[in-house]
Structures are given as structure tokens and as C-alpha cells.
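Visitor: mind looking at a prediction? Sequence and model below.
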Amino acid sequence: MIILIGGEKGGTGKTTIASNLAAMRSLEGRDVLLIDTDPQGSANYWAQSRDDENIIPRVACIQKFGKGLPAEVQDLAHRYQDIIIDAGGRDSIELRSALVVVEKVFIPIQPSQFDIWTLNQMDELVETAKSFNPNIQARVIISRASTNPSVQEASETAKLMADFSNLELADATIRDRIAYRKAAKDGLAVTELKPKDPKAVSEMNILYKEVFGNE
Ligand SMILES: Nc1ncnc2c1ncn2[C@@H]1O[C@H](COP(=O)(O)OP(=O)(O)OP(=O)(O)O)[C@@H](O)[C@H]1O
Ligand SMILES: [Mg+2]
């Protein structure tokens, strides 16, 4: 499976989600490649900390920039069972070109109006990509949502999704939890963190199943 975690808004949890999925998929015994297309290099740093801590399984990560990305991904798809591409939080050549080769794109957004506005542009980018990649599936993940049950932002955001013809709302919601920050620091997925945060593990498992299905 070739997937992209991308979007035009910064700091929505893209690298967090990409790195968690990469580690979880590797734990299933799959050969996974994480491609960091963001010059900030956060996904690469995460994989590097994983290596520094000798965490098994290793998650292979490369950095790749520029318009040669689709050809490189198609070539690497012969060598890896799964490729997870992490794109930086802005419109970029990497984001646009990745949309042409991936099977699924997941777009994390925080439940705020500022993030929702950026979805207009993502809806258009997916529409354009469909002329080259007609089967692409695009899902929006509500990410970093409040854990306070009285805050209705996530359900309000869900209602606004009907406005976008190329985007669907993901079943999984990722909430703002300290476990994600702790795991990131050591190059781990939340499922590997000790002590476990069962709620973080549960929501990431829901997302994992949604992304990879029974494959
Ligand atoms: N679900 C979460 N709960 C708590 N903290 C989170 C969560 N997701 C992300 N964070 C934290 O928020 C910050 C931004 O997350 P991350 O780097 O994953 O976002 P990003 O979308 O990749 O950002 P960028 O657009 O800069 O690439 C990081 O400090 C990260 O640890
Ligand atoms: Mg990032």
C-alpha cells in the first residue's frame, strides 16, 4: 500500500500519524519505507531516534524532495511492501506530485475553522490528481481533538465535511494526548510506549485498520 499523510496546514499531526503507522505496520512484519518529503526532517529525526535507541523493528526512512518523487516512489514500490509518505504542512511540489502515485491520502486537521478552510484547496488538489490517479481515496482525520467530552469541535467539524466532493471523513479521530509526544521523543509508536495509554492505542488501532484494512 502506498499512502500519503499530507495537508496544507502545519502542525496538525501529520508526522505523528505517519510515524505511528510506520512503526505499527513494521511490527506486523511488513517491509515498510517512510519517506520524509519535508525539509524540516521530523520523520527522519524520529526514525533516527528509533535507530539510536536500537528499537526493533527498524523503520527505514529516506528523505526525498522535488518533482522526481513519483518516479522514485514507483521504483521503491518494487522493494517495499508499504510506503508511507509524510508531506510538510503547506502546498508543495512534493504534496502535489505524491497525490499522483498514492492509493490513499489522509489529511489530518485540527478541529478549527482555520484548518477547515485549508480543505478547499486540498479538495481541489485531489480533484486535479484524479485525472492522473482516478482511484485515489482521500480522507480527513480529525487530529489533536480535545479529550474533554464537553468540547463538541470534532462533531461540528464532521458536519462541515459534506461541503467537499473529493474528501471523506475518516472513522478514526486522534485526540491530543501526551502519549503521542512521549512516543515521538523516543522514536516509538504509542503502541510501543510503556506505560501504555490505552485510549491512544485504541484510536491508533482504529486508524491503522482504516488505513490498511485486512491487507
Ligand atoms: N495527537 C496528538 N496529541 C498530542 N500531541 C500531538 C498530537 N499530534 C501531534 N502532536 C504534537 O504536535 C506537534 C506537531 O505535530 P506533528 O509534527 O506531527 O505535526 P505536522 O502536521 O507533521 O507538522 P508540520 O506541518 O510542521 O509537518 C508536535 O509537537 C507533536 O508532538
Ligand atoms: Mg510534519
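Guide: Received it, and whenever you're ready, just let me know what you need. Ligands and ions are numbered 1, 2, ... in the order given.
Visitor: state the distance from the residue in the chain positioned nearest to ligand 1 to Leu188.
Guide: Ligand 1 sits closest to Gly89 of the chain, with a gap of 2.5 Å, by C-beta to the nearest ligand atom. C-betas here are computed from N, CA, C, even on glycine. From Gly89 over to Leu188 the distance is 23 Å, taken as C-beta to C-beta, to the nearest Å.
Visitor: the residue of the chain closest to ligand 1 touches Gly11, doesn't it?
Guide: Yes. Taking contacts as C-beta atoms under 8 Å, Gly89 lies within contact range of Gly11: 6.4 Å.
Visitor: off-centre distance for the helix or strand of the chain with the lowest mean pLDDT?
Guide: Between all helices and strands in the chain, the lowest mean by mean pLDDT, DSSP states H and E belongs to helix 153-160, at a mean of 83. For helix 153-160, the separation from the chain centroid amounts to 20 Å (computed by C-alpha atoms, centre = their mean, to the nearest Å).
Visitor: so what secondary structure elements neighbour that helix?
Guide: Secondary-structure packing of helix 153-160 (3 or more C-beta pairs under 8 Å, 6 or more residues apart in numbering; DSSP states H and E): strand 137-145.
Visitor: the strand it packs on near ligand 2 at all?
Guide: No. Using C-beta under 5 Å from the ion, strand 137-145 never reaches ligand 2; the gap is at least 11.6 Å.
Visitor: in its sheet, what does that strand sit against?
Guide: Note on strand 137-145: by DSSP bridges, its sheet partners are strand 104-109 (parallel), strand 168-175 (parallel).
Visitor: list the buried ones in the helix or strand following the longest one?
Guide: In this case it means strand 168-175. Scanning forward in sequence from strand 168-175 by DSSP states H and E, the next helix or strand is helix 178-185. Across helix 178-185, burial judged by 16 or more other C-beta atoms under 10 Å covers 179-180, 182-184.
Visitor: nearest to ligand 2, of those residues?
Guide: Closest approach to ligand 2 among these (C-beta to the ion): Ala184, at 10.6 Å.
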